[in-house]
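1. Predicted coordinates and the sequence they were generated for:
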Amino acid sequence: MKIEPKIRGFICTTAHPDGCRENVRRQIAYVKSQPKTDGPKRVLVIGASTGYGLASRISAAFSCDAATLGIVFEKPSVRGRNASAGWYNTAAFEEFAQADGLYAKTINGDAFSEEIKQKTINMIRQDLGTVDMVVYSVATSRRTAPDGTAYSSVLKTTGGTYSNKTIDLTTRTISDVTIEPAAPEEVEATVKVMGGEDWEAWMHALKNAGVLAEHTVTVAYSYIGPKLTHPIYLNGSIGKAKQDLYETSQRLSREIDGVDAYISVNKALVTQSSAAIPIVPLYITILYKIMKEKGLHEGCIEQMYRMFHDKLYAGQPALDQQGQLRLDDYEMQEDVQQAVMQAWTTLSEDNLAQIADIDGYWEDFYHMFGFNVSGVDYDADTDVEVSIASIQE
Ligand code: NAD
């Protein structure tokens, strides 16, 4: 059948298997074009199917020649309907990894559950013995905790209300938006979903099961960004969760013998998660424009390759004063931020097209779901049913 993009709000409800495969192929080709990394050899990636997690898995496999076990939460094709983009990405990843003789297996299910943790432990025991790296890259708005309580995260401020410009990317119009402060229980729920509790539970479960190597590196991802997004991000409900993630990294390094836990602060990029944050997409479109003009723009794969090759596994890890890896170094460069701020203050609907890279935003958005990828024949009949060789549900 022919597959068309169907966009609803911040997501696309369809995905194109050939386009997703091509995206994965290109990310792998990028990594293969770069110098190899003397890095980990058996890597568990939790949240491995899209965005930063997928790029981490690709970098580990194709730059370090690592065996990878991926944990994902994706929809297979049911009754002729589309699978999710992350499903197709995973199928493509496994196909390319196996063609290169690399171990790659995937478990599809809720990473927050005990059941998936246990399945993962069993699979590591059976196939790998131990893992020497754990990447935690889960991004979601919902979590059911082990006691059965369901939590939903919010994207709100924590101080007072905050007003600034935002963009409707569909109509390409600018408006003012006011974001309300989160109630204390909403902040608490956001920390439950996007904070460090589950990462910590994973690391303790893996350690107790004896499936961590003598020296294991673990990394989770965060964001800081410029002042204008601080009320909604750094100081907002999501920022509280990221603070919790940071404190978790410190605790993990202190409390689990042989574990070095890091936070990598990454660049703002279009992913399924970031599209939903108010104000941030407008900032991203301006940032893209400026970083592309300066030749500094990176996608998930360039960021994650750089994390492995330049920051984590180039001798001593390159850390900031808080002990974090800074992959947002180009984004936060003074000349970049000055240019963004200047653009932000002069921005209007009349000059929007010159100041913001909205086409670039949409390009990335469509690409995430495998659409508008050059070289893919979208008129061809495509089979939506794509199987993943190793998948365990
Ligand atoms: P994403 O939406 O592209 O990826 C999320 C991944 O989590 C997917 O593989 C998905 O399958 C998996 N997942 C979701 N719920 C799950 C569950 N219950 N069980 C198992 N897997 C589950 O998101 P992303 O933007 O790559 O975000 C990854 C991390 O990077 C997050 O911590 C995010 O805050 C951080 N980050 C993102 C940005 C950005 O601009 N996108 C910037 C800096 C840091």
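-> Perfect, I can see it now.

2. Gln98 belongs to a strand?
-> No: applying DSSP: H, G, I helix; E, B strand; the rest coil, one finds Gln98 to be helix, outside a strand.

3. ok, it to Ile388 distance?
-> As defined by CB to CB, to the nearest Å, Gln98 lies at a distance of 11 Å from Ile388. To be clear about C-beta, it is placed using only N, CA and C from the backbone, and glycine gets the same treatment.

4. What of Gly225?
-> Counting by CB to CB, the gap from Gly225 to Ile388 is 35 Å.

5. One more: Thr190?
-> Taking CB to CB, one finds Thr190 at 31 Å from Ile388.

6. And these two? Which one has more around it.
-> Thr190 (27 against 23; other CB atoms under 10 Å).

7. Looks to me like the more buried one is in a helix.
-> Yes: Thr190: assigned to a helix according to three-state DSSP.

8. count of residues packed around Arg207?
-> Quick fix: residue 207 reads Lys, not Arg. Lys207: 17 surrounding residues under other CB under 10 Å.

9. Do I have it right that it meets Val259?
-> Yes: assessed by CB atoms under 8 Å, Lys207 is found in contact with Val259 at 7.3 Å.

10. Name all residues that make contact with Met194.
-> 139-140, 153, 238, 241-242, 245 (CB atoms under 8 Å, 6 or more residues apart in numbering).

11. which among these end up buried?
-> Among those, the ones that count as buried by 16 or more other CB atoms under 10 Å are 139-140, 153, 238, 241-242, 245.

12. So which of those residues sit within helices?
-> Using DSSP state H, the members of the buried ones among the contacts of Met194 that fall in helices are 238, 241-242, 245.

13. In the stretch 201-350 of the chain, where is pLDDT below threshold?
-> Of all residues in the stretch 201-350 of the chain, none has pLDDT under 70.

14. so where do the helices sit in it?
-> 237-255, 280-293, 300-306, 334-346 (DSSP state H, counting those that start in this stretch).

15. and the closest residue to Leu296 other than its chain neighbours, how many neighbours?
-> Nearest residue to Leu296, sequence neighbours excluded (CB to CB, 6 or more residues apart in numbering): Tyr330, at 4.4 Å. Tyr330: 18 surrounding residues under other CB under 10 Å.

16. I'd say Tyr330 and Arg306 touch.
-> No: assessed by CB under 8 Å, Tyr330 is found out of contact with Arg306, at 9.4 Å.

17. shared neighbours of these two, which are they?
-> Joint contacts of Tyr330 and Arg306 (CB under 8 Å, 6+ apart) are Glu298.

18. Let me see the ranges of the strands in the stretch 1-150 of the chain.
-> Ranges of strands within the stretch 1-150 of the chain are 7-8, 11-12, 42-46, 67-72, 104-108, 131-136, 142-144, 150-152, based on DSSP state E, counting those that start in this stretch.

19. what does the stretch 201-350 of the chain have sitting close to the ligand?
-> Residues of the stretch 201-350 of the chain lying near the ligand by CB under 6 Å from any ligand atom: 221-223, 266, 268-269, 271-274.

20. biggest separation within these, which pair?
-> Greatest spatial distance in those: Ser222 and Gln272, 17.4 Å, computed using CB to CB.

21. So for these two, which sits in the more crowded spot?
-> Neighbour totals were compared for Ser222 and Gln272, and Ser222 leads with 22 against 19 (other CB under 10 Å).

22. what sits opposite the more buried one in the beta ladder?
-> Applying DSSP bridges to Ser222 gives these bridge partners: Val265.

23. ok, it touching Val265?
-> Yes: counting by CB under 8 Å, Val265 is a contact partner of Ser222 at 5.1 Å.
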